[in-house]
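**Q** I would like the atomic coordinates for the input below:
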Amino acid sequence: MAELPKGINECSGIISLRPNEIWLIEDNGNPDILYAVDSSGQMLKSFKVKEAKNDDWEALTVDLDRHVYIGDFGNNTNKRKNLRIYKVPNPVIEPGDKIEASKISFRYPDQDAYPPEKNALYYDAEAFFHYEGFLYIINKNRGRPFNGKARVYRVPDQPGNYTAEWIAEFTTCKDYRQCQITDAAISPEGNRLVLLGYGNLWVFEDFRRRGFKNGPTRMIALGASTQLESICFISETELYLTDERSHGSGGNIYSFTIPLPLKGKTKPE
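**A** Predicted coordinates for the structure are as follows:
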């Protein structure tokens, strides 16, 4: 475990582009900045993201060409009509302290009311990942009563204005606090997808073949009670996680190794 730099209190998305280095963002109310820190929590570099207002930056992901995507789609009240994703070049090789961004704007195909009824608050999101030319967005269900369902949408990874495509729906679990999705990451080979919640991981094994069919293959309890918001892979089984700093706790980088699945086991571990 390592502490994030002082002043980074609301880390909302992370990626790793090379060993022992993490790129991160903060959510709404914070600057339009992409930061780099090392695995011990020391600040390395930062970029002002040009023409990219931080309405509510909630997630980071990266493609195979090292383009970085900033998910500006936090939507707690389900009222936003300006959902977008910013695409920036590989920050590792960019000079200076400013970085250009292009914009991918989108709307959800099944949202007709802003906001919808309380039992249909499906249009907040804090999680996405890049896979084979598309950005897959996974919602944070804020519906009352909470039913544990998560919806998956996708948009192309090219700048433009899109109606997102509905892909899948699955159930995590039924506890409102424990079962909302706060981030997602796909392994370097694309065979394992993980979703993060406040204390849980949901794992989709053999993702290339199975996709979202039948939902997560297993749930792993992390034994944590802090506000875990961000996750990224550094190998096929090794992860970094971060949490927000709140009430004297959090604001840390954690490492975690996913245990290999037991044959035939799909229940919580």
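**Q** you'd agree D124 is up against G74?
**A** Yes. Counting by C-beta atoms under 8 Å, G74 is a contact partner of D124 at 6.6 Å. (C-beta placed from N, C-alpha, C; glycine too.)
**Q** which residue ranges form the helices in the chain?
**A** 207-210 (DSSP state H).
**Q** so where's this structure uncertain?
**A** 262-269 (pLDDT under 70).
**Q** who's in contact with F207?
**A** F207 makes contact with I186, G190, N191, R192, L193, according to C-beta atoms under 8 Å, 6 or more residues apart in numbering.
**Q** nearest spatial neighbour of the second one, skipping sequence neighbours?
**A** By the measure of C-beta to C-beta, 6 or more residues apart in numbering, the closest residue to G190 outside its immediate chain neighbours is R208, 5.4 Å from it.
**Q** hang on, that neighbour packs against L193?
**A** No. Here R208 does not reach L193: they are 9.7 Å apart, not a contact under C-beta under 8 Å.
**Q** more crowded one of those two?
**A** L193 (26 against 13; other C-beta atoms under 10 Å).
**Q** any idea how far N75 is from the more buried one?
**A** 22 Å (C-beta to C-beta, to the nearest Å).
**Q** repeat for G7
**A** 26 Å.
**Q** ok so, going back, for PyMOL, what selects the buried ones among the contacts of F207?
**A** In PyMOL syntax, the buried subset of the contacts of F207 is picked out as below (16 or more other C-beta atoms under 10 Å):
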select buried, resi 186+192+193
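**Q** Out of the contacts of F207, which sit inside strands?
**A** Counting by DSSP state E, those place I186, R192, L193 in strands.
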